[in-house]
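Peer 1: I would like to see how this sequence folds:
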Amino acid sequence: MTQEARQRIEQLRKELNHHNKLYYTDAAPEISDQRYDELMSDLAALERQHPEYQSPDSPTHRVGGEILDGFETKDHAVPMLSIDNTYDKEELTAWHMRVISGLGVESDDLFGDVTFEYVAEPKIDGVAISLRYEDGILVQALTRGNGQQGDDITANAKTVRNIPLKLDGNPPAVLEVRGEVYMPHSSFKTINEQREAENLQLFANPRNATAGTLKQKDPKAVAKRNLRCFVHGRGVIEPNSWDTYFDFMQAIKNDFGLPVNDNVKLFDKLDEVWQFIEDFDAKRKDLSYDTDGIVVKVNNLDAQESLGSTTKAPRWCIAYKYPAEQVQTKLLDITWQVGKGGTVTPVAELEPVFVAGTTVRRATLHNMDEINRKDIRKGDRVVVEKAGEIIPQVVSVVLEDRKGQDERPVTEAPAGCPSCKGPVVREEGEAALRCNNPQCPAQVREKLIWFAGRGQMDIDGLGEKVVHQLADVDLLKSFGDVYKLKEHANQILTLERFGKTKLENLIDGIEQSKQRGLARVLGSLGIRHLGSKAARIIAQHFGDIDEIAKASVDELQDFLVSGQKSGIGPQIAQSLHQFVNSEAGQQIIADLKAAGVNLTEDKVQQPTDSPFLGKTVVITGSFADYDRKELTEQLQNLGAKVTSSVSKKTTLVIAGEAAGSKLSKANELGIEVWDEAKLTQTLNDLTQ
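Peer 2: Now for the predicted structure:
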């Protein structure tokens, strides 16, 4: 019976994988949904009866597993960079000329050789993902994150039906591909209908819905959202046997079964690329998923390596973004909202209108200068678009609509803050109006949302809705109040949708946040001009909040504008000094101290005689004794600027095993190269 069970399990897996591909990739199902569910049920039952035959690539893993505690952050083997955008033919041509220049090819000869062909493909409007296969099995899925590190969402990715758990054919031992997870229009419509029925906030667009879904800690919930994926790039490949991107894409689609868009096209003339861009604009409106442009890539992989990347984006590809869709509607009113920094922003309240896939009721008006420049008045007929196909904004007024109408009053700035009723000011050189009352209720709420958010204090369970819910009953009026919520547990349990488990998770998240350290705290308080990078540098230099408070504004400014702090200017020194010496700032610090929040950071001494001081360093290959991320931070602390690609500006390349093309380019350019032994010796000498 055991052998029969094993054979039946293997047969069912093979059959279900076959039907998965037909349904989710080829859109050509052969069996009914009911029959598919029966086969899945049979397989799940057999696997429960025979756990010794469990396999990570079984189709049953797509229905979701245990609820996750959270997402582990992991390094990308190859950075996931963004793509530079272009918005017209002239900009596309300018990029094309930069490619020519970077490759050292005469403009007349660029397309005389097939190695300089271009591939054009749709830019899917979804969430970037990196999929790693080892010996054909999906072992890891990471989000883009900050480009160097991403969240491990492997359990959730396995529920995306057209992502193979096991590749067909004979893939490389290690195959890392990049792609985009998206939500089809039909699924988006269904989910928002369900959320509306449950009185939940609707998703603004399919991309937001996709991002929210992938952050779910319950893979079973993710499985119900019907996400899909298209693969459009590569990371680590060992061994690599492809010379061109187009051949690689055809192979992973036809030989390995990965989902590749049917509109990936090869061209040998820029004019043909532009024609494809124009033709696809009409076609994309009938697709079952959102696209917002066309990505154009140099086809030859050696040429891609030669062109390299900036710190943000590859030089060998560019995204042409289509002009935003514009529609007309009526401006019903102009209201004003207050941000965490006190900026008072005008908002257009609109007659609902459908724009770029969603219904728009509100749009930003930016500031009074924009209102005056466009002469926007209440009651006008206005033209609305989504900036970047995300943020609704009023582009212009339909002036013809005013003819024959009563004179509409000119829009005026508010006399006071719409939240606290205090004065609003417009500082010299700024377009925005600002409320400078640190106790302004609207500012406090926005700052608390920021404080608790991801990348700041990371307090699980204290999202935007919960902040508003707790503030509405006066339980949240300051940062210190966050750490007193445990004292109000009984009252919180009486609030809508607040059960015991939800409260316990919130309290746990608050307790964990106490150990984030000074850098995270400083970056979370909403101090004007102070971002996470500056907060980390300041915290590592001073080590303690009290030392920062003792520093004069001149001492802060001298430190921040010194050579190692490029990009961090004197405005930060002024703003930070003002905060730590203000009555409100001192109260915040006292409250956080009283709550046991860690307001210290390990000090990092700035080097004066380091061999890395002022050098531009590239790290490549793998190392026996070093983690890439930790090594990067160590070299930065020793005064190095660490970049991802080799160029004429690079002064040192540190090469481990399998360093590849970066080492070759360094040798071509005559750049100094160290191996791991030389690196270790140098670092050891510094500690003696």
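
Peer 1: Show me where the stretch 351-500 of the chain dips below the pLDDT cut-off.
Peer 2: 388-389 (pLDDT under 70).

Peer 1: ok, now with 80
Peer 2: By pLDDT under 80, the low-scoring segments of the stretch 351-500 of the chain are 356-358, 387-390, 404-406, 428-429.

Peer 1: Put the alpha carbons of the helix of greatest length in the chain into PDB.
Peer 2: Ranked by residue count under DSSP state H, the longest helix found in the chain is helix 2-20. Taking only C-alpha atoms (Å, rounded to 0.1, in the frame of the first residue of the first chain), the coordinates of helix 2-20 have been written out as PDB:
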ATOM      1  CA  THR A   2       2.900   2.400   0.800                       C
ATOM      2  CA  GLN A   3       4.400   2.000  -2.700                       C
ATOM      3  CA  GLU A   4       0.900   2.500  -4.200                       C
ATOM      4  CA  ALA A   5       0.400   5.700  -2.100                       C
ATOM      5  CA  ARG A   6       3.700   7.100  -3.200                       C
ATOM      6  CA  GLN A   7       2.900   6.400  -6.900                       C
ATOM      7  CA  ARG A   8      -0.500   8.000  -6.500                       C
ATOM      8  CA  ILE A   9       1.000  11.100  -4.800                       C
ATOM      9  CA  GLU A  10       3.500  11.500  -7.600                       C
ATOM     10  CA  GLN A  11       0.800  11.100 -10.200                       C
ATOM     11  CA  LEU A  12      -1.500  13.600  -8.600                       C
ATOM     12  CA  ARG A  13       1.300  16.200  -8.200                       C
ATOM     13  CA  LYS A  14       2.200  15.800 -11.900                       C
ATOM     14  CA  GLU A  15      -1.400  16.100 -12.900                       C
ATOM     15  CA  LEU A  16      -2.100  19.100 -10.800                       C
ATOM     16  CA  ASN A  17       1.100  20.900 -12.000                       C
ATOM     17  CA  HIS A  18       0.000  20.200 -15.500                       C
ATOM     18  CA  HIS A  19      -3.400  21.800 -14.900                       C
ATOM     19  CA  ASN A  20      -1.900  24.700 -12.900                       C
END
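
Peer 1: helices or strands next to that helix in the packing?
Peer 2: Under the contact definition 3 or more C-beta pairs under 8 Å, 6 or more residues apart in numbering; DSSP states H and E, helix 2-20 sits against helix 33-49. For glycine as for every other residue, the C-beta is placed from the backbone atoms N, C-alpha and C.

Peer 1: tilt between the helix it packs on and helix 2-20?
Peer 2: Interaxial angle, helix 33-49 versus helix 2-20 (axes from the mean of the first three to the mean of the last three C-alpha atoms, to 10 degrees): 150 degrees.

Peer 1: ok, the residue nearest to Thr2 when sequence neighbours are not counted - contacts?
Peer 2: Excluding the flanking residues, the one nearest Thr2 by C-beta to C-beta, 6 or more residues apart in numbering is His50, at 7.2 Å. His50 makes contact with Thr2, Ala5, Arg6, Ile9, according to C-beta atoms under 8 Å, 6 or more residues apart in numbering.

Peer 1: what do you get if the cut-off is 10 Å, keeping everything else the same?
Peer 2: Met1, Thr2, Ala5, Arg6, Arg8, Ile9 (C-beta atoms under 10 Å, 6 or more residues apart in numbering).
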